[in-house]
Structure formats: structure tokens, C-alpha cells
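J.: This is the structure alone, sequence omitted:
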């Protein structure tokens, strides 16, 4: 991805985090990115194209969070815990990405053309978490009878809901993390570490 295109998408994430999808104006994104409005239309054709590309960019950020938690020195279980709990991190980067995800999710109720891309983005994230759960099953840190796909779908849906509650001020970030950690423990069961 070109540096300018990436800068535009980062700017769009910031604008959506401040104003929401409905408040997104191409001119604001151009100003935030320090580029001409025409360059945004060159890369994205129209506002909807920019929103779709921003969702994809935000999803890639989330995938990077999952991948960064998968270190060689951690078990699959630890990687699942780290990657999911990182989605409720206090960092501005994580918060902005969560806002974009929630905004596009809410917008898809009224804009059906976003649904397929949102479905694909959600499935990609769920698949990444499921693969990490499978690694935990293989290394013995997660019970062998865990259905990785169903578990990943439940846990990522929970992250979406807890993130929305935290961002809306309905619970603290710490409480959201506490609830998520308890759900992860319940879903993954006790570790069965092999000698």
C-alpha cells in the first residue's frame, strides 16, 4: 500500500473516531491527511469506497494485533488471551480502530452495501482467532474438545459488545477486560499441558 493511501486511511480512522461514519466528510479526511480532496477520489472513487477501505484498513490493524500476540514463546491459549484483551487496550490506536468497527457495524443496518464486506472482515478476524485456538489445542494449553470456530465466533462477538459498552461509557475498560477474561477462561477451560 502506498504511503499516501495509508495516510488517508489512517486519517479516515481518526475522523470516524471523532465524528462517526455519518459525520465523515471527505474534506475533513483530506485535511487530516494533508492531501488534496482529488487524491482521495483518485484512490477510493467515492465516500462509500473510502468507508469500505477504512473498514478493511481497521480490520488489518486488528489482524496485526492478533498476529503480534502469537509469539514463539507463548502458548496458543496465551496468544488468544493477549490478542482478545488487546482489543480493549487503552491506546488511542486501538480505541480508534474499535470506534471504526462499531461505526461501520451500526451503519450496515442502514447501508446494505457494507454488509458483505463487514461479514468478510468479521469472518477473517474470527478465523484468525480460531487458528490461534487450534494452536492452543495442539500445544495442550486449551482443552481438546473446544470447537475452535464456534468459540472464536462467540469471543469475537463478545469483544464487539464489550468494546461498544466501554466506548459508550456504559462500563469501564477495566470491567470490560475483566468480563472478557472470565469468558475466555470459561470458553477455553482448564489447560491440559502435556509433558
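T.: Okay, I see it. Predicted model, so just to flag it, every value in this text is computed and none were measured.

J.: Need the single longest helix in the protein, by residues.
T.: Criterion DSSP state H: the longest helix present in the chain is helix 115-139.

J.: what's the average pLDDT for the helix or strand hosting residue 10?
T.: Assigned by DSSP states H and E, residue 10 falls within helix 3-19. For helix 3-19, the per-residue pLDDT values average out at 90.

J.: And for that helix, what's in contact with it?
T.: 23-25, 28-30, 32-35, 39-40, 43-44, 50-51, 53-54, 57-58, 95-97, 99-100, 103 (Cβ atoms under 8 Å, 6 or more residues apart in numbering). Heads up, the C-betas are built off the backbone N, CA and C, glycines and all.

J.: And that helix, what's buried?
T.: Buried residues in helix 3-19, counted by 16 or more other Cβ atoms under 10 Å: 5, 7, 8, 9, 10, 11, 12, 13, 14, 15, 16, 17.

J.: Measure how buried residue 59 is and give me the count.
T.: 21 (other Cβ atoms under 10 Å).

J.: Residue 183: what secondary structure?
T.: Here residue 183 is recorded as helix under DSSP: H, G, I helix; E, B strand; the rest coil.

J.: And the pLDDT at residue 43?
T.: Model confidence at residue 43 (pLDDT) stands at 94.

J.: Mind checking what secondary structure residue 145 has?
T.: Going by three-state DSSP: residue 145 is coil.

J.: Give me the neighbour count for it.
T.: Neighbours of residue 145 (other Cβ under 10 Å): 7.

J.: and the gap between it and residue 139?
T.: Here the criterion is Cβ to Cβ, to the nearest Å. By it, residue 145 lies 15 Å from residue 139.

J.: for residue 124, same thing?
T.: Residue 124 is 23 Å from residue 139, by Cβ to Cβ.

J.: now do residue 73
T.: Taking Cβ to Cβ, one finds residue 73 at 12 Å from residue 139.

J.: higher neighbour count, the two?
T.: A direct count of neighbours by other Cβ under 10 Å for residue 73 and residue 139 places residue 139 higher, at 17 against 5.

J.: Quick check: buried residues in the strand or helix carrying residue 160?
T.: Residue 160 belongs to helix 148-167 when assigned by DSSP H and E. Residues 148, 151-153, 155-156, 158-160, 162-167 are the ones in helix 148-167 that count as buried (16+ other Cβ under 10 Å).

J.: now this structure, which segments are flagged as low pLDDT?
T.: 1, 61-72, 190-195 (pLDDT under 70).

J.: what about 80?
T.: Within the chain, the segments meeting pLDDT under 80 span 1-2, 58-72, 93, 113, 190-195.
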